[in-house]
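# I would like the atomic coordinates for the input below:
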Amino acid sequence: MENSTSPSTQAVSMGQKVAFGFGMLANQMFPAALGVFIIVLVQDLGFAALLWGVIQFLPRIFDAITDPIMGFISDNTRSKWGRRRQYVFIGAILMGIAYVAMWQLYEGDGVLYNFIYFLAWSLVFYLGLTIFSVPTWPWGMKSVRTFTNAPTSWPLRSSSDSGPGSSHLGFG
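Numbering: from 1, shown residues only. Okay, here's the model as predicted:
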């Protein structure tokens, strides 16, 4: 009789590992772009340092609140598409729309309007990021069913996670 709790010995292909690793690239592109485009917000649009601090802080707090909620929703979803696929798809679409919309700023609209506009779209972006990224983590856990797959799978995910704007190497 076969033990149903024994891990699968099926190897994960390099293509699957690379595809999985690129999944978190979106997590790093937004912080990297914000770091680059701070010049636009501060110099060209006249954002004060306090406003820039709020734009960096509030979406992170929002993200910290929505991540566990999305994890609960994803873990408890039962649908014909599975528990996670529809969220990854919806989150990616929402992130794309929000990312384009948030940069539609015009100096003539004024600092307060541009601040509120950018902050609102940042929150929408982070919501999309949560909807996209939280359900992808269990996919990695499922694909790494044996210890022999883990050392070669997670560094690829983590190295894409440590792109521009990240503060860790991802291999530790």
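# hey, let's count contacts and neighbours off CA atoms from now on
OK.
# what about Ile131, how many neighbours?
If you count neighbours by other C-alpha atoms under 10 Å, Ile131 ends up with 28.
# which of the residues in the helix or strand harbouring Ile61 are buried?
Using DSSP states H and E, Ile61 falls within helix 49-75. Along helix 49-75, these residues count as buried under the neighbour rule (16 or more other C-alpha atoms under 10 Å): Leu51, Trp52, Ile55, Gln56, Pro59, Asp63, Thr66, Asp67, Met70, Gly71, Ile73, Ser74.
# got TSV for these, with distance to Leu119 too?
Formatted as TSV, the buried residues of helix 49-75 follow (distance: C-alpha to C-alpha, whole Å):
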residue	distance to Leu119
Leu51	9
Trp52	10
Ile55	6
Gln56	9
Pro59	8
Asp63	13
Thr66	16
Asp67	19
Met70	21
Gly71	24
Ile73	25
Ser74	26
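# ok so, going back, which strands and helices sit next to the helix holding Ile61?
For helix 49-75, the packing partners by 3 or more C-alpha pairs under 8 Å, 6 or more residues apart in numbering; DSSP states H and E come out as helix 111-133.
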